[in-house]
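Colleague: just coords:
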């Protein structure tokens, strides 16, 4: 089987059918999804008299609210709304969602890409349809209309089903038709979509945070499924019209968790939440006295893990860098060869699978398109698949053979922080589990787990230095270029520190293995090009000191992450941020925190919205 993807970012979708006025619910829901990134927004509400009222606006939801005026004009109890990130067509009101057919009866919102839209559009134009936008999305509205024109006896549901069978690509749709005022239809294919289950009312959303205010009961749609919702009930079908029995799941997150809680930004809140996030990730999973780990989600594959001869890790962005930390852990302590791939390249290099391979996919959202594609490639080859994921019921959670939930609560800031450290902590647990199945002694397992249990309190000591780190960010704020350096376990941390600075302050920052510095990057160094060294007192400490001397000899400013009590490092650096001592394999859990805080303050001082970096969104759900 092959999968076809394009690059875009997830938009926000919310739909409602029930007994309440739809518009306030739609607006509340879409505001809960603003963190994902978007450039326009629009809604449609079906009035009691059968007319559809719709508004669109370029910019934030606040601009849309300005256009609404008197909300009493929108009294309908059925509606849809979307926040769009432009892909096909520019940022205009005409291209904003929802889109309609020629008659204006059918309105829909869409996440994803219709790949064959050009051919469909050309056919529809020949049949007399007129298009108002440059988008691929509008095609589906006209396609549904055309099926109803061809066969007037075809009801709304069947017209939608026929239209979906005609499109190729990725989609999450919410669709209404004024001729069927008691029906809302949702459909999914490779773009996340869920149903919120209320009391004689139902919700459609691309993310659970949009429905948390109203219900904790949700149903996750799978690829190739459509849901038909009325004020009384809902039914889920596949596109062959087979009814699907779906389990309702209860959301564990509270609405309060998805709010800032008094912090100026979600990013700072989530950095401060990291100690608790680690506690939640490891709670109930460690048996230190026996040097043993209990990961219930992996019980079904324990025998296959015991026979594992190689661990293949696939992820994107920050999750990929967590995977690189895990690669070091697994090889050093479990004695199993491990390889980490950027998921976006995994399929295209024709990976060679062997007997005894175990595939591990890592994704906070569980909806990262490239990671899911690499997972499906491994599953197609019969490889046992594991997942590390934060979102319960996500596609990754459903499609892997077994896995481990992170339990860190919603991560709203686009630049990942607490999800990264949670992933590293779970990789440490997985390392102990695999190691104890092999040659790892009880003593070694016990030592790792006891040190891991201390990490949350050690993190709190770092977070207590927030004001001092803010002052350092102010000192270095004038620089436009940074080189981040590390060795062994802290090479991925160097890359992650650079990534954070790039994401939220838009300055040039590079991560580099310190041993590679003299093979090219050192050419950039001068008095205006600071280097940030991740240099705890570990097995490669002396080599890091030598690398610092090389930078110092060329006049480059040096900021270091060092172990508490290290006075030697002060002689060759301009500034130091200290972290407590821990096991070498666990240092990334601590060394990354000051780099996150440094990047946060750096971005804020430059006047940027650090929660919503430009050109980025939280979940990259298609390639």
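Modeller: Right, received. Where do you want to start? All values reported here derive from a predicted model rather than from experimental measurement.
Colleague: For the stretch 501-623 of the chain, which segments count as helices?
Modeller: In the stretch 501-623 of the chain, the helices defined using DSSP state H, counting those that start in this stretch lie at 541-553, 587-605.
Colleague: centre of the chain versus the shortest one, how much separation?
Modeller: How far helix 541-553 lies from its chain's middle: 36 Å, per CA atoms, centre = their mean, to the nearest Å.
Colleague: If you count contacts, what does that helix end up packed against?
Modeller: Judged by 3 or more CB pairs under 8 Å, 6 or more residues apart in numbering; DSSP states H and E, the packing partners of helix 541-553 are strand 481-486, strand 531-534, strand 558-563. Yep, even glycine has a C-beta here, placed from its N, CA and C like the rest.
Colleague: In TSV, list the ones you listed along with mean pLDDT and distance to residue 18.
Modeller: Output for these, formatted as TSV (pLDDT from 0 to 100; distance: least, CB to CB, whole Å):
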stretch	mean pLDDT	distance to residue 18
strand 481-486	97	51
strand 531-534	97	52
strand 558-563	97	52
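Colleague: JSON lines for the ones you listed, including distance to residue 449 and mean neighbour count?
Modeller: Listed next are the helices and strands packed on helix 541-553 as JSON lines, based on distance: least, CB to CB, whole Å; neighbours: other CB atoms under 10 Å:
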{"stretch": "strand 481-486", "distance to residue 449": "25", "mean neighbour count": "25"}
{"stretch": "strand 531-534", "distance to residue 449": "24", "mean neighbour count": "28"}
{"stretch": "strand 558-563", "distance to residue 449": "21", "mean neighbour count": "23"}
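Colleague: export these to CSV and tack on distance to residue 268?
Modeller: What follows is the helices and strands packed on helix 541-553, written out as CSV (distance: least, CB to CB, whole Å):
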stretch, distance to residue 268
strand 481-486, 21
strand 531-534, 20
strand 558-563, 19
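Colleague: Quick check: longest helix in the protein by residues?
Modeller: helix 442-463 (DSSP state H).
Colleague: Same question for it: list its buried residues.
Modeller: Of all the residues in helix 442-463, those buried under the rule 16 or more other CB atoms under 10 Å are 445, 446, 448, 449, 451, 452, 455, 456, 458, 459, 462, 463.
Colleague: For residue 490, see how far away the third one is.
Modeller: In this structure, residue 448 and residue 490 are separated by 18 Å, where distance is defined by CB to CB, to the nearest Å.
Colleague: what secondary structure does residue 489 sit in?
Modeller: helix (DSSP: H, G, I helix; E, B strand; the rest coil).
Colleague: err, residue 16, not the other one
Modeller: Going by three-state DSSP: residue 16 is strand.
Colleague: how far out from the middle of the chain is stretch 488-500?
Modeller: 19 Å.
Colleague: average pLDDT for it?
Modeller: Stretch 488-500 shows an average pLDDT of 98 in the prediction.
Colleague: which residues touch that stretch?
Modeller: 317-318, 321-322, 324-325, 328-329, 415, 417, 420, 482, 484-486, 509-514, 532, 534-536, 538-540, 584-585, 587-588, 591-592, 595-596, 598-600 (CB atoms under 8 Å, 6 or more residues apart in numbering).
Colleague: ok, back up a step: weakest of the helices of the stretch 501-623 of the chain by average pLDDT?
Modeller: With a mean of 94, helix 541-553 has the lowest mean pLDDT of the helices of the stretch 501-623 of the chain.
Colleague: could you give the mean pLDDT of stretch 432-449?
Modeller: 97.
Colleague: what's the span of that stretch from first residue to last?
Modeller: 8 Å (CA to CA, to the nearest Å).
Colleague: Stretch 222-240 now?
Modeller: For stretch 222-240, the end-to-end distance is 14 Å (CA to CA).
Colleague: Pull out the buried residues from that stretch.
Modeller: Those would be 223, 225, 226, 227, 228, 229, 230, 234, 236, 237, for stretch 222-240 by 16+ other CB under 10 Å.
Colleague: gap between it and the chain center?
Modeller: 26 Å.
Colleague: likewise stretch 124-139?
Modeller: Per CA atoms, centre = their mean, the centroid offset for stretch 124-139 relative to its chain is 32 Å.
Colleague: And that stretch, end to end?
Modeller: 8 Å.
Colleague: same question for that stretch, mean pLDDT?
Modeller: Mean predicted confidence for stretch 124-139 is 95.
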